[in-house]
Structures are given as C-alpha cells and as structure tokens.
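Asks: Sequence and predicted model, in that order:
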Amino acid sequence: MLIRIAALGLLLVVLFRLFRLAMGLRHAKHLREAARAAEEARGATVVAELPLSEAEVAFLTEDAEGFRWGSARLRKDAIRGARLLVNGAVLQEFALEGSRLPTPVVPEEYEGRERWEVGVHLADGGTAVIPCGTLREGVSREIAGRVFEAVKAAARGAAPPPA
C-alpha cells in the first residue's frame, strides 16, 4: 500500500510539472503574439522572428523607412547589396545596379553548427549584419532566406533611379 501511495505522489508531481511547463509555453506564445500584434498595429510588417540568443527573440520588422530588430535600425535607401551567409561563407548575393559588393572575407572554420546571417552592404561603405540564428533542422536557414529576400525586395523598391 505504501508503494502505491508513493507512486501516486510521484505521478501527481510529474503531472503538475508538465502542467506548469505547458502553461508557461502557452503564456510565452501569448506574449509573443501580443508583441507581434503591437508591431503590426504600429504599421510595421513582421518579416521574421530572430533568435538572438538561447533566451531572447526579436522581431525583424519592416516599415516604410527600413528594417528594425532589437535596437538596430537599417534604412532601405542605404542598402546597396546583401549576402546570405552560413558560417561566413556566401550562399547568395545581390547588388543594385551600379554598385559593387566588397570582396567576401574568408569563411571561418566550421564550429559544429550552422550560423546563418544576412550581411547588408550600405551606401556609406559599412555593413550591417542581421543574425538569423544557429537553430537546427533548417529553422535558421528558413529565417535567413526570408530576411534575405525581404532585404533584396526592399532595396530594389527603395533604390534611387539610375542616373
């Protein structure tokens, strides 16, 4: 009889922890959806959710002026080209007509996981890097592809007409 009571107690503890985990995940999803709705109500389009760290996720938003993620901002009219990068190696690139991208740097050694980024080249010669994560199973690859296409479309739509 004592073994059955102990087993029942253990079962109740496990079920309670699972319930708390499920409610925590549901609450986090609700907060993320509320933040997304607030961004969209502000007039911005959410392009992607960028995993900045294990615990932090930021929205990459696009509005009439440009892109914003976390505290970083990128103006559309300053974009001259971009590169889709995995561990520093170039997978895709584009440059606006009349613009040349700098020579790519030598990729870093493989660190055991894929690090996806979009390097955006600016009119002033600088570069802005949009981190797209190191998540498994193609999640970061999908985010990086979506970000790259959004930057490319925005640059071509906001580019000044060739003189």
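Replies: Okay, I see it. Numbering: from 1, shown residues only.
Asks: which intervals of this protein have sub-threshold pLDDT?
Replies: 54, 110-111, 136-137, 158-163 (pLDDT under 70).
Asks: okay, now the domains of it?
Replies: Per automatic domain parsing, the domain ranges recorded for the chain read 1-41, 43-158.
Asks: Could you check how far the residue sitting nearest the centre point of the chain is from residue 72?
Replies: What sits nearest the mean C-alpha location of the chain, by Cα atoms, centre = their mean, is residue 50, with 2.4 Å. Residue 50 sits 10 Å away from residue 72, going by Cβ to Cβ, to the nearest Å. The way it works is simple: take the backbone N, C-alpha and C, and place the C-beta from them, glycine included.
Asks: Ok, residue 81 next?
Replies: 18 Å.
Asks: Which of the two has more residues huddled nearby?
Replies: Neighbour totals were compared for residue 81 and residue 72, and residue 81 leads with 20 against 13 (other Cβ atoms under 10 Å).
Asks: got the buried residues for stretch 135-148?
Replies: Within stretch 135-148, the residues scored as buried using 16 or more other Cβ atoms under 10 Å are 140, 141, 143, 144, 145, 147, 148.
Asks: Make a markdown table out of those and add secondary structure and distance to residue 29.
Replies: Shown next, in a markdown table, are the buried residues of stretch 135-148 (DSSP: H, G, I helix; E, B strand; the rest coil; distance: Cβ to Cβ, whole Å):
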| residue | secondary structure | distance to residue 29 |
| --- | --- | --- |
| 140 | helix | 20 |
| 141 | helix | 23 |
| 143 | helix | 18 |
| 144 | helix | 23 |
| 145 | helix | 24 |
| 147 | helix | 22 |
| 148 | helix | 27 |
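Asks: which one of those residues is nearest residue 2?
Replies: residue 140 (50.9 Å; Cβ to Cβ).
Asks: Cool, thanks, talk later.
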